[in-house]
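After the sequence you'll find the predicted model.
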Amino acid sequence: MHYKQAIQSFKPSNDQEANDKHIILAYIEAFPGNALTRDNQIAHLTSSGLILNPAMDKVLMIHHNIYKTWAWTGGHADGDTDMLEVAIKEAKEETGALKIVPLTTEMLSIDIVPVYGHMKNGKYVSSHLHLNTSYVLIADENENLTINTEETSDVSWVAVEKLSAYSNEPYFIEIYLKLIQKAKRHLYK
């Protein structure tokens, strides 16, 4: 589904998502030519996939080289207009797992995520915002995993109850737990 249509049809579950949806749609209208690309150095669209096992008690996480913490998978749209496809592509690239499927094609979260200034590929990237769309993806724990050394230093399944011991980003832990709850509600509709 085209990113703008997917964001417009997203049903917020709380004030944060409602506010972020409103801001993201306004930003897309203000910057129609480059909200999907990193050429827009203030804010741009990204998409993430929280990868769960079928029992939904473990999350497949990567250890991020830049942020030095365990995190979900995801990345920049880089012009792609299908945010679900971006999330799946990034999940496969960052974990090596090949059989990753969406729990649902519905976007399950919208979040404006701050990115602090950092070095990447020998160049300084100034602080900016990721206008992030999120999906829940499902993978088998027995799937072969590989480390994408350009971006990560490890990939591993993490028990849901141990997320806070792995991630040093409380803001993201809240997003992960929100997505896990939504995934379980979706599964038991």
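That came in fine, so what should we check first?

ok, what's across the strand from the residue nearest the centre of the chain?
Nearest to the geometric centre of the chain sits Ser48, at 1.7 Å (CA atoms, centre = their mean). Here Ser48 sits in beta bridges with Gly74, Ser134, going by DSSP bridges.

and the helix or strand of the chain with the lowest mean pLDDT, which strands flank it?
Here the helix or strand of the chain ranked lowest by mean pLDDT, DSSP states H and E is strand 118-120, holding a mean of 90. Take DSSP bridges as the rule and strand 118-120 pairs in its sheet with strand 123-125 (antiparallel).

Please give the centre-to-centre distance between the strand it pairs with and its chain.
Remark: strand 123-125 is offset 22 Å from the chain centroid, using CA atoms, centre = their mean, to the nearest Å.

can you pull the contacts of the residue nearest to the centre of the chain?
Counting by CB atoms under 8 Å, 6 or more residues apart in numbering, Ser48 touches 72-75, 87, 90, 132-135. Placement of C-beta: from N, CA and C, glycine included.

For this structure, just list every one of the strands.
Counting by DSSP state E, the chain has strands at residues 43-52, 58-64, 69-71, 73-76, 101-102, 109-115, 118-120, 123-125, 128-138, 152-159.

Check which helices and strands the shortest one sits against.
To tie it back to what came earlier, the one meant is strand 101-102. Strand 101-102 sits against helix 83-95, strand 128-138, with contacts defined as 3 or more CB pairs under 8 Å, 6 or more residues apart in numbering; DSSP states H and E.

possible to save the ones you listed as TSV with mean neighbour count, distance to Leu145 and mean pLDDT?
Below are those laid out as TSV (neighbours: other CB atoms under 10 Å; distance: least, CB to CB, whole Å; pLDDT from 0 to 100):
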stretch	mean neighbour count	distance to Leu145	mean pLDDT
helix 83-95	23	6	98
strand 128-138	23	14	98
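
For stretch 93-111, what is the distance to the chain centroid?
Taking CA atoms, centre = their mean, one finds the center of stretch 93-111 at 8 Å from the center of the full chain.

pLDDT at the residue lying farthest from the centre of the chain, what is it?
Distance from the centre of the chain peaks at Gly122, with 24.3 Å (CA atoms, centre = their mean). As predicted, Gly122 sits at a pLDDT of 91.

buried stuff in the longest helix along the chain?
For the chain, the helix that runs over the most residues, judged by DSSP state H, is helix 170-187. Neighbour-count burial for helix 170-187, counted by 16 or more other CB atoms under 10 Å, picks out 172, 175-176, 178-180, 182-183.
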